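1. for reference, the sequence and a predicted model appear below.
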Amino acid sequence: MRELLEVKNLSVSIDTPKGEVEAVRNVSFSLKAGETLVIVGESGCGKSIMCKTIAKLLPPSARMKSGSISIKGEDIAQYGEKEMRRLRCEGFSMVFQDPMTSLNPTMTIGSQIGEAVRVHEPGISSQELKKKVIGLMELVGIENPKERKKMYPNQLSGGMGQRSVIAMALAKDPELLIADEPTTALDATVQAQILELFREIQKKQKAGIILVTHDMGVVARAADRVGVMYAGKIVEVGTAEEILYDPRHPYTQGLLRSLPWFSRGRKTLYTIPGMPPTLIHPPKGDAFACRNAYALQIDYEQEPPMFPVTETHAAATWLLDKRAPKLPTVSPEKEIEREEEVGEEILLDVQHVTHLFPMTKKTVVRAVEDVSFQIRRGEIFGLVGESGCGKSTLARCIMNIYKPQKGKIMLNGLDVWDSKVFSANRKLLQRKRQLIFQDSDSSLNPRMKVWEIIAEPLKIQHIMPPRGSLREEAAFQMHYVGLDPAYLDQYPTELSGGQRQRVAIARALVMEPELLVADEPLASLDVSIQAQIVNLFRHLQQEHGFSFLFIAHDLAMVEFLCDRVGVMYQGRLVETGSVRDLFSNPQHPYTKSLLKSISLPDFRQQTAGRTGSW
Amino acid sequence: MVMKSGGFYYGKKLLLFLFSIFLLSAVIFFISRLAPGDPLVSYYGDHAERMSPEERQWAEEKLGLTDSLPVQYVHWLERALQGDFGISYKYKRDVTEVIGERMGNTLILGGIGFCLIFGLALALGIFCAWREESLADRVICKIGTVTSCIPEFWMSLLLILIFAMNLKWLPSSGAYTLGGTRDLEDRIRHLILPLTAVIMGHLWYYAYMIRNKILEEARADYVLFARSKGLKKSSIVLKHCLRNVLPTYLSLMAISLPHILGGTYIIEMVFSYPGIGTLAYESARYKDYNLLMVLSILSGITVILCSIVAEIINERMNPCIRGNHIVEDTEVAER
C-alpha cells in the first residue's frame, strides 16, 4: 500500500527565553491509509509539537529546522498557509485535547460543524447543509441532533463536546486524521467510547489516524502500530503487539512496568529513576542513558541508531547491538499479599451528608446526596467516579469548606460542623485534616519560596516548629517526601510537576495530620511520575500510619493503592467495599461499566499474565 | 448565575436608579452652594456689584436665596417633581428651554463623534490585529499611543492653531458663521475640527483594546482548531474572534459613552461651540444654580443608563451567562 504520510528526519526547535529547545530531533516515520499509529510519550517529549508541525499549526516561536513531510507523495514542508488550507479542506483533519477550549464558546455546535462542511463543499445549499450536519452528528453518536445542534459548547458534557469536535474533523471525509490527546480530558467510560469511535472511523473511511497519547491504555485499545517518543526522538516503533509484548527499549519497558497492573498485589510500583532531560542542550549520546540501569559506555558517547528487531519493529538502543551484553531478565518481585494492618478504630465518620448547590430559584444541583462512609485509622479509602459526580464537593465538606445541608461529619468523634465543638477544638481539627489538590501548579503560590510554602501552615496556626526554625522544619519535611532540601529557596515554577506535588504533600504533612484528603493528586502528572507519588503515599501509610481519602478517576491506581473503595455516581455513593471484593465482584451497574471501561483488550490481559518475561 | 424573576429584578434596578438620582441632586445642590461666588452676578450681570444692600436683599428674596439651604432644597425638589426646574439666572428663561436649544448641538458633536470612534476603532483594531507586528501595525501603535496621551484641550488648541490660524482652512469657533447662511456646508465646516479633537482623544484607546482582544482570542485553542478545519483567515478573525470580542467591546463602549461626552464638554469650551458643555461650564462658574442642577442630573442619568445598558449587553450576549443551563457538570473546576 502507498504511504499516506511520510515524515523524514524532522527536526523542530522552539525559542524560549532560556534558549533554543530542540523539541523534535530527527524523527522519521510513515503512516499507511487505514492504519492507526499511536505516538506515546510523556509530557515534554515533543509529541504535540510534532503533530502541529505536520499540520503546519506551529506557534510563531517554533520553527521546523530540517526534514521533509509528504502527504500522498506531495512534499508539504515548504507549504504556506494557502496551500495548507487547500489540504485541510481536502481532508486533513485534526482533533485536539480539550473539547471545551477547541470549540468557540459563542457559536452553536451546529453552526461550527456547518462551517467545516462548507469549507469542504463550498457550494452546498443550506437545506443540504442542515441534513449533512445532522448526519455527521448521528455518525459520531450524538443523540437528538436536531436539538443538540442549537446548543452552545458550555451546555454539552465533555464527551459530547469531543464528539462534536470529531464530527467537524469528519466533515471533510478525512484521509488523514491527527488527534492530539483526544481522550485525556475525558472520563474513563467516555474515553472508551471515543476510542471506539476512532476505530469505526478508521474502518468506515479508510482514514489514516495518528493518535498522540501518554496513556498506555490507549495504545492497547486503539493502536495498529506504535511509536514511543522520548526526549524529542522516536526511540521505538513496532506493531501494538510487539510493543506491548516484547518491548526492546528500556524506556518502553519502564513505561509499561510503571503501570499499576504490572505491580498488582505488590508493595510499590516500579518507577523509572530520574527525570527526562531538558532539551535546551540535549545530552550527547542516548538521552535515556542516565535513567537506564543497563546503560553502556557507548550510550554516553554516541547516539544509538534504530536497530531492527523484526520487519516492523525497531528500537534505538545500544543494548540491541550484537556486541552488547545480554540483559538479565527482570524477575518481578515476589508477590506479597498485602497484610491487613488496618486497625478497627474509626477516624472519619461521614453520616448521611447532603450538599446542594442552588442554581436558579427552581432547580438545585444535588452535588452530594445522602453519602455515608467511614475511614479507619491507617487506611487508604479510595473514592472514584466520573467528573461532576460530587467527589470534590464531598472532600470540601470534609475539609470545612462547604457546609453540608444535612448530615454529620465526625473526625475522631468530633463533629466538625458543630460550631461549638469546632471552636473548642479548632486548632486540633485544623491540624488533623489536610488537603492535597489536583493541580500543584495553581495550589502553590508562585511568589513564595518552597520553604515558605511548606512552613506556612505552622505560621498560620501559631505552632512552634518541632525541629527548631521554620526553615529547618521545611527541610525536614522535604527530606520526608523525597525532595532534595537544595530546593528550599526555589520558587514553585522552577520545579517539575512531580516535585511540586511533593511540595504540596510536604505542606500537608508539616501539620502532622491524621487524615490526608487527596483530591485527584495524580491527574496532572505523567505516568512515571504518578508511580513515584503513589509509592510515596503507600510509604506514608505503611511506615508512618497516615490515613488517606484518595480521590481519583484512575481505577487501576485505586486498585493498586487503596484498601477500600467507594464508587460515586451522580452525587450518591452507590457501592463501597474492600478493593478485592469490589473489583472482582461489582454489584452496581455503574461500577460494572466503570470496570469494563478499564478492562483491556484480550492481548493486553495476556501480557499482564506474562509480565516476567522481560 | 442566579436569575431573579423579571419584574422583581427590574423593579429593584429602577428603585436603585431613582435613589441614585435623588442622592446626586442633593449632593450637587449643597456642593454648588458651598463654592464661593455670587449667583446674582449671573442674573444681573455687572450691575450686581453696584447694588445697594437693600437691592441685594430684595433680589435674593426674589430668587429664593434667603432661606436656609435644606429649605431651599425642599422647595427645589417640590417644584422639580412637578416638572418645574426653575429659570436660568443668566438667560432669564426656563432651564429646560435653554438646555433644549443647546442639546441638539452636543448630540450632533458627541453622537457623530461616538459613532465614528465606535466604527473607526473597530476597523483600526481589526486592521492592526490582522497585520500584527508588521510595519503598519507598529507605526499605528506608536502614533496611537502618542495621540491618546495628548490632553484634549491642548490637541484642540493645536488644531485651531494649525488649521484655523495658519492655514485658514476651517473656522475655529461656533456652530455657524456669524451672519452667514446657516446651511449644511457651513455646519459641517464648523464640525470638522471639534470632531477631530474628540476622535483623536479617544480612538486609539478603543482600537488598541480591540486589537489586543482579537490577538488574545487568536491565541486560543479554538482558533487553532478553526484553522485546522480549513477556514480562511478572514472568517476566523471576523466570524470567530470578533464574535467573542464584541460583547466586551459593546459593553465597554456603553460605559464609556459618558466619558466621551465629558470629553466633548471640554472641546466645546475650547471651540466655543454652543452645546451643553459650554453651558455647564458657565452655569458652574457663574452660579446659575437651576441650570447646573438639571445639567448635572442629566449627566447622571446618562452615566447610570449607560452602565445599565452595558450590564444588559453583557448578560444577553454571552451564552455562558444566559439563563437556562443544562446542568451536567457541577464541578467544572474538578477537571
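-> Structure's in. What do you need? Numbers count the residues shown, from 1 in each chain, chains lettered A, B, ... in the order given.

2. average pLDDT across stretch B:98-111?
-> Mean per-residue pLDDT for stretch B:98-111: 86.

3. residues in contact with that stretch?
-> When contacts are defined by Cβ atoms under 8 Å, 6 or more residues apart in numbering or on different chains, stretch B:98-111 is touched by residues B:88, B:91, B:175, B:191, B:194-195, B:198, B:260-261, B:264, B:267-268, B:273-279, B:291, B:294-295, B:298. All C-beta spots, glycine's among them, are computed from the backbone N, C-alpha and C.

4. ok, 6 Å please
-> B:88, B:91, B:175, B:194, B:261, B:264, B:274, B:275, B:276, B:279 (Cβ atoms under 6 Å, 6 or more residues apart in numbering or on different chains).

5. what residues of that stretch count as buried?
-> B:98, B:99, B:102, B:105, B:106, B:108, B:109, B:110 (16 or more other Cβ atoms under 10 Å in any protein chain shown).

6. can you show me the CA trace of that stretch as CSV?
-> Extracted in CSV, the C-alpha atoms of stretch B:98-111 (Å, rounded to 0.1, in the frame of the first residue of the first chain):
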residue,chain,number,x,y,z
VAL,B,98,-32.3,76.8,27.4
ILE,B,99,-30.9,73.2,27.5
GLY,B,100,-33.3,72.1,24.8
GLU,B,101,-31.8,74.7,22.4
ARG,B,102,-28.2,73.5,23.0
MET,B,103,-28.8,69.8,23.4
GLY,B,104,-29.0,69.2,19.7
ASN,B,105,-25.6,70.7,19.1
THR,B,106,-24.0,68.5,21.7
LEU,B,107,-25.8,65.4,20.5
ILE,B,108,-24.6,66.1,17.0
LEU,B,109,-21.0,66.5,18.0
GLY,B,110,-21.0,63.8,20.7
GLY,B,111,-23.2,61.4,18.7
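
7. just how off-centre is it within its chain?
-> 12 Å (Cα atoms, centre = their mean, to the nearest Å).

8. in the chain, where is pLDDT below threshold?
-> Chain wasn't specified; assuming chain A. Applying pLDDT under 70 to chain A picks out residues A:1-2, A:261-265, A:326-343, A:359-363, A:599-614.

9. wrong one, I was asking about chain B
-> Ranges of chain B meeting pLDDT under 70: B:1-6, B:179-180, B:317-335.

10. domains of it: list them as residue ranges, please.
-> As assigned by automatic domain parsing, chain B contains the domains B:1-90+B:319-335, B:103-285.

11. returning to what we had before: now the two most distant members of the contacts of stretch B:98-111.
-> Greatest spatial distance among the contacts of stretch B:98-111 (Cβ to Cβ): B:88 and B:194, at 23.9 Å.

12. now the buried residues of stretch B:98-111 in CSV, with secondary structure and distance to residue A:540?
-> Shown next, in CSV, are these (DSSP: H, G, I helix; E, B strand; the rest coil; distance: Cβ to Cβ, whole Å):
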residue, secondary structure, distance to residue A:540
B:98, helix, 81
B:99, helix, 76
B:102, helix, 78
B:105, helix, 77
B:106, helix, 72
B:108, helix, 75
B:109, helix, 72
B:110, helix, 68
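
13. one step back: mind giving me the ChimeraX select for the contacts of stretch B:98-111, buried ones only?
-> Here is the ChimeraX command that selects the buried residues among those (16+ other Cβ under 10 Å):
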select /B:88,91,175,194,261,264,274,275,276,279
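
14. quick check: the residue nearest to residue A:320 when sequence neighbours are not counted vs chain B, distance?
-> Closest residue to residue A:320 apart from its sequence neighbours, by Cβ to Cβ, 6 or more residues apart in numbering or on different chains: residue A:307 at 3.8 Å. Per Cβ to the nearest Cβ, to the nearest Å, residue A:307 is found 36 Å from chain B.

15. now residue A:307: phi and psi?
-> Phi and psi for residue A:307, reported as degrees, to the nearest 10, are phi -90, psi 120.

16. number of nearby residues for it?
-> With neighbours defined by other Cβ atoms under 10 Å in any protein chain shown, the count for residue A:307 comes to 19.

17. so how far is residue A:238 from it?
-> Going from residue A:307 to residue A:238 by Cβ to Cβ, to the nearest Å gives 12 Å.

18. ok, now residue A:303?
-> For residue A:303, the distance to residue A:238 - Cβ to Cβ - is 20 Å.

19. so the two - more neighbours on which side?
-> residue A:238 (26 against 17).

20. pretty sure that one is in a helix, no?
-> No - counting by DSSP: H, G, I helix; E, B strand; the rest coil, residue A:238 is located in no helix; its state is strand.

21. my read: it touches residue A:313, true?
-> Yes - at 3.6 Å, residue A:238 counts as touching residue A:313 under the criterion of Cβ atoms under 6 Å.

22. ok, back up a step: what's the closest of the contacts of stretch B:98-111 to residue A:196?
-> Out of these, the member with the shortest distance to residue A:196 (by Cβ to Cβ) is residue B:261, at 60.8 Å.

23. surely the closest one is in a strand?
-> No - remark: residue B:261 does not belong to a strand; assigned using three-state DSSP, it is helix.

24. what's the closest non-adjacent residue to the residue most central in space within chain A?
-> Centroid-nearest residue in chain A, with Cα atoms, centre = their mean: residue A:523, separated by 5.4 Å. With sequence-adjacent residues excluded and distances taken as Cβ to Cβ, 6+ apart, residue A:523 is closest to residue A:438, at 5.1 Å.

25. OK, contacts around that neighbour?
-> Residues in contact with residue A:438 (Cβ under 6 Å, 6+ apart) are A:519, A:520, A:523.

26. checking it next. Helix, strand or coil?
-> Assigned by three-state DSSP, the conformation of residue A:438 is coil.
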